[in-house]
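[1] okay, structure incoming, though there's no sequence with it:
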């Protein structure tokens, strides 16, 4: 079995790895946006609750939360499919980190623009939607790429709940061929290529939506 | 006809008195200038008039309606008042045109084509139509302020508030703003302008109120206000401003300090005229 054949064999799991990464990243964006928006708009007690949420979920190890969701919740009568378990653990933890990224990016929006929008008669929600979020998302690109990369690198945990991703394929292959070094080297190369694709994709999107003078 | 009437407006913040019983009227089509040193409560005063800040006492009547009452539709009120800020406050992610159409699209629910057409007319009025598709970062300070004025005018407000419109501009660009004030005054746009810029106050040609420590100490033409019989506080402010102005842009000592001439038509300020424009 040549190295190329090993690579080809492993690509069977690439789809799952990408699926887990994208699903968890999107969960993270939704959770992070929700938390950041609510704590920007909401009352101070709500901000405190959301602050506690981000603090706790940034502290919990991904694997521990994953096992609580996947192996613990069925005891409480709640069966969770593997991908959903990944989204509820890795995705939500990414959300806690992204909430911080978005909070910082919201703070970069010029307060005088918000004041001008208020003086114009726009509602708080319109200001958020029309002024703050479009700028904030652009400011948040570097932090988002960082977090998406982290999600990709945590995605191998998916094999522990039975998702046949690249890592799962590699372990099966290694068990039958006993060529661990080459196989895991190939896994490393595959993750690097997915990483490169992800970063290139996000920067391409950033470039298409770039506004002169807004971001560096 | 009185458009805006302010009576005994009071504001305290953190135990400090910001506004201490301010009263004045603004007539339809009138331009009034509120002058005063930094920290005199000028900008806060403007913000109390459209409820960006809620005062503790007094009355504000705008277009015949009480502004400070409990049942006032704040957003409807603000749409009747165009606000121009010292730092322009253009939305940096939108082009000049989009800055002007934003309120038309989202408050007036105007279709895109109609909003664009109307916004382009306002930009043309400010001589900015050539820059409609530029982003704020691609415009000079004076151009940004003209876009900001076009943005305020697009909603057909009953009055324009200017909050220190020249303090972020160099003298040449300040003169552009003065020209626009004249143009708008000739079009009978009601305007209230807050500034500590002596040049602007004189060149604008409106009546001037002097605000210090939350009170209006005098109202009149600039010349009466700062004449030999003026309040010592006003004279002190005047001399300080004049010194600063001379340091920044030497004014010929031969030019007497006299009130701005009333302007007919949208003529530019004559640099050699009595308004004491900077020599360059």
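    All right, it came through fine. Note that the coordinates shown come from a computational prediction; the quantities given were computed from them, not determined experimentally. Numbers count the residues shown, from 1 in each chain, chains lettered A, B, ... in the order given.

[2] let's verify residue B:167: helix, strand, or coil?
    Assigned with DSSP: H, G, I helix; E, B strand; the rest coil, residue B:167 falls in the coil class.

[3] that one: neighbouring residues, count only.
    Residue B:167 has 14 neighbours, counted by other Cβ atoms under 10 Å in any protein chain shown. Placement of C-beta: from N, CA and C, glycine included.

[4] which ones are touching it?
    For residue B:167, the contact set (Cβ atoms under 8 Å, 6 or more residues apart in numbering or on different chains) comprises B:86, B:195, B:196, B:197.

[5] could you list the low-pLDDT ranges of the chain?
    Assuming you mean chain A. Chain A contains residues with pLDDT under 70 at A:216.

[6] that's the other chain; I wanted chain B
    In chain B, residues with pLDDT under 70: B:226-229, B:245, B:248-280.

[7] secondary structure class for the closest residue to residue B:57 other than its chain neighbours?
    In space, not counting the residues next to it along the chain, residue B:57 is nearest to residue B:10; the distance is 3.9 Å by Cβ to Cβ, 6 or more residues apart in numbering or on different chains. Of the three states, residue B:10 takes strand according to three-state DSSP.

[8] and residue B:10, how close does it get to chain A?
    Residue B:10 sits 22 Å away from chain A, going by Cβ to the nearest Cβ, to the nearest Å.

[9] can you list the contacts of residue B:167 in CSV and add secondary structure?
    Listed next are those as CSV, based on three-state DSSP:
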residue, secondary structure
B:86, coil
B:195, strand
B:196, coil
B:197, coil
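
[10] tell me the one of these nearest chain A?
    Chain A has its nearest neighbour among the contacts of residue B:167 in residue B:86, at 8.8 Å by Cβ to the nearest Cβ.

[11] thinking again about what came up before, neighbours of the residue nearest to residue B:57, how many?
    By other Cβ under 10 Å, 16 other residues sit near residue B:10.

[12] quick one, helices of the stretch 51-200 of chain B?
    Assigned by DSSP state H, counting those that start in this stretch, the stretch 51-200 of chain B shows helices spanning B:74-79, B:96-106, B:112-125, B:141-154, B:171-186, B:198-204.

[13] quickly list what the residue nearest to residue B:57 is bridged to.
    residue B:20, residue B:57 (DSSP bridges).

[14] OK, contacts around it?
    Residue B:10 makes contact with B:17, B:19, B:20, B:21, B:22, B:55, B:56, B:57, B:58, according to Cβ under 8 Å, 6+ apart.

[15] pull out the buried positions in stretch A:18-28.
    Neighbour-count burial for stretch A:18-28, counted by 16 or more other Cβ atoms under 10 Å in any protein chain shown, picks out A:18, A:19, A:20, A:21, A:23, A:24, A:25, A:26, A:27, A:28.

[16] stretch A:109-120 now?
    Quick answer for stretch A:109-120 (16+ other Cβ under 10 Å): A:109, A:110, A:113, A:114, A:115, A:116, A:117, A:118, A:119, A:120.

[17] the fifth one and residue B:53, how far apart?
    With the distance defined as Cβ to Cβ, to the nearest Å, residue A:115 ends up 11 Å from residue B:53.

[18] residue of chain B closest to chain A, please.
    Here chain B gets closest to chain A at one residue, residue B:137, 2.0 Å apart by Cβ to the nearest Cβ.

[19] can you give me phi and psi for residue A:178?
    The phi and psi values for residue A:178, taken as degrees, to the nearest 10, are phi 60, psi 30.

[20] please read the previous query as pertaining to residue B:196.
    In terms of degrees, to the nearest 10, the main-chain angles of residue B:196 are phi -110, psi 10.

[21] can you tell me the element the closest residue to residue A:141 other than its chain neighbours falls in?
    Excluding the flanking residues, the one nearest residue A:141 by Cβ to Cβ, 6+ apart is residue A:206, at 4.8 Å. According to DSSP states H and E, residue A:206 maps onto helix A:180-208.

[22] and that helix, what does it pack onto?
    Here helix A:180-208 touches helix A:3-10, helix A:14-41, helix A:141-154, helix A:166-177, going by 3 or more Cβ pairs under 8 Å, 6 or more residues apart in numbering or on different chains; DSSP states H and E.

[23] save the ones you listed as CSV, and put in distance to residue B:31 too.
    Putting those into CSV (distance: least, Cβ to Cβ, whole Å) gives the following:
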stretch, distance to residue B:31
helix A:3-10, 75
helix A:14-41, 38
helix A:141-154, 45
helix A:166-177, 71
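
[24] what about the residue nearest the centre of chain A, distance to residue A:157?
    What sits nearest the mean C-alpha location of chain A, by Cα atoms, centre = their mean, is residue A:25, with 2.7 Å. Shown here: residue A:25 relative to residue A:157, a distance of 15 Å by Cβ to Cβ.

[25] with residue A:69 instead?
    11 Å.

[26] for residue B:237, same thing?
    The value you get for residue B:237 to residue A:157, if Cβ to Cβ is used, is 69 Å.

[27] where does the one residue in chain A that gets nearest to chain B land in three-state SS?
    Using Cβ to the nearest Cβ, the single residue of chain A nearest to chain B is residue A:213, 2.0 Å away. Secondary structure, three-state DSSP: residue A:213 is coil.

[28] how about the contacts made by it?
    By Cβ under 8 Å, 6+ apart, the contact set of residue A:213 is B:92, B:135, B:136, B:137, B:138.

[29] for the second one, which non-adjacent residue is spatially closest?
    With Cβ to Cβ, 6+ apart as the measure, residue A:212 is the residue that lies nearest to residue B:135, at 4.9 Å, once sequence neighbours are left out.

[30] would you mind naming the residues that bridge with the residue most central in space within chain B?
    Ranked by distance to the mean C-alpha position of chain B (Cα atoms, centre = their mean), the top residue is residue B:162 at 2.1 Å. Judged by DSSP bridges, the bridge partners of residue B:162 are residue B:84, residue B:193.

[31] residues touching residue B:194, list them.
    Neighbours of residue B:194 in contact, by Cβ under 8 Å, 6+ apart: B:33, B:34, B:42, B:43, B:45, B:46, B:161, B:162, B:163, B:164.

[32] by neighbour count, which of those residues wins?
    Using other Cβ under 10 Å as the neighbour criterion, residue B:162 leads those with 30 neighbours.

[33] surely that residue and residue B:190 touch.
    No. Contact between residue B:162 and residue B:190 fails when scored by Cβ atoms under 8 Å: they sit 11.6 Å apart.
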